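Engineer: Whatever this is, show me its structure:
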Amino acid sequence: MPDDLGHSLPKRTLRDPRELRAMAHPVRIRIMDELFIAGSLTASQLSDRIGESPANCSWHLRQLAKYGYVEEAGGGTGRQRPWRPVIESRSWGERSEGELAAAGAAMADLMYRHEFAEHEEYRRREDSEPQDWYDAAYWSQSFAWLTAAELTELKEAIVDLVLRYAERFTDPATRPTDARAVRLVSWGFPARPWSEDRK
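Structural biologist: Residues are numbered from 1 along each chain as shown. Down below sits the predicted model:
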């Protein structure tokens with residue numbers, strides 16, 4: 001299951017269903033997007049960006065903080081306090097059952113739907129992008145015959161490539177002047193059940 005930033009960052013494996021349910025909310029996913037893009041924001045600034053009331057943003061921020069997804073960035077009071085994302089690798093990839101499995105499935109479903117919606121939104125506006133960004137954006141689909149070890153190696157290589165730029169989340173000074181927030185989604189999974197591959 002998802003490992004959202006990689007393995008050279010602090011790692012946290014989510015084993016409490018409450019931790020997963022705390023993030024499995026559309027408003028909270030949007031709040032996290034905005035915090036990753038901006039670095040830090042207040043509830044009032046988030047309100048302007050996502051179209052929710054400052055009070056609602058403040059409540060969701062407190063819930064995210066309770067489970068370690070965000071933290072206060074320092075300075076300000078009340079709804080003018082800035083918040084920032086906690087930068088760590090989170091996973092819930094161990095097989096589970098019961099409440100944890102249900103919470104993990106709900107979280108994964110929400111994240112998949114969110115990323116697909118963001119991709120569809122980009123496709124609607126892609127013709128308005130500057131030519132260099134239009135050319136740089138990509139979508140790739142392929143098949144490969146791999147062992148489980150090779151798929152793990154490929155996954156880790158992709159994560160390592162992305163992690164070259166991880167410091168840009170926390171230090172805006174490291175971002176080139178022409179850098180933009182870019183969504184990166186990748187997956188690799190068996191194309192068919194094990195029994196069908198043997199045919």
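Engineer: Do a quick rundown of the helices in the protein.
Structural biologist: 17-23, 26-38, 43-50, 54-66, 98-125, 131-136, 148-163, 167-170, 194-197 (DSSP state H).
Engineer: In TSV, list these along with mean pLDDT and mean neighbour count.
Structural biologist: The way it works is simple: take the backbone N, C-alpha and C, and place the C-beta from them, glycine included. Converted to TSV, the helices of the chain look like this (pLDDT from 0 to 100; neighbours: other Cβ atoms under 10 Å):
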stretch	mean pLDDT	mean neighbour count
helix 17-23	88	19
helix 26-38	93	18
helix 43-50	96	19
helix 54-66	96	18
helix 98-125	90	14
helix 131-136	94	10
helix 148-163	90	13
helix 167-170	79	14
helix 194-197	70	8
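Engineer: how about those in TSV, adding distance to V86?
Structural biologist: Shown next, in TSV, are these (distance: least, Cβ to Cβ, whole Å):
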stretch	distance to V86
helix 17-23	12
helix 26-38	10
helix 43-50	16
helix 54-66	9
helix 98-125	16
helix 131-136	29
helix 148-163	16
helix 167-170	10
helix 194-197	37
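Engineer: what's the closest of those to T177?
Structural biologist: helix 167-170 (12.4 Å; Cβ to Cβ).
Engineer: Neighbours of Q80, how many?
Structural biologist: Around Q80 there are 12 other residues, counting by other Cβ atoms under 10 Å.
Engineer: residues touching it, list them.
Structural biologist: T42, A43, S44 (Cβ atoms under 8 Å, 6 or more residues apart in numbering).
Engineer: Please tell me how far the residue nearest to R21 when sequence neighbours are not counted sits from D109.
Structural biologist: In space, and not counting its chain neighbours, R21 is closest to A103: 5.2 Å by Cβ to Cβ, 6 or more residues apart in numbering. From A103 over to D109 the distance is 11 Å, taken as Cβ to Cβ, to the nearest Å.
Engineer: Please consider this matter closed, and thank you.
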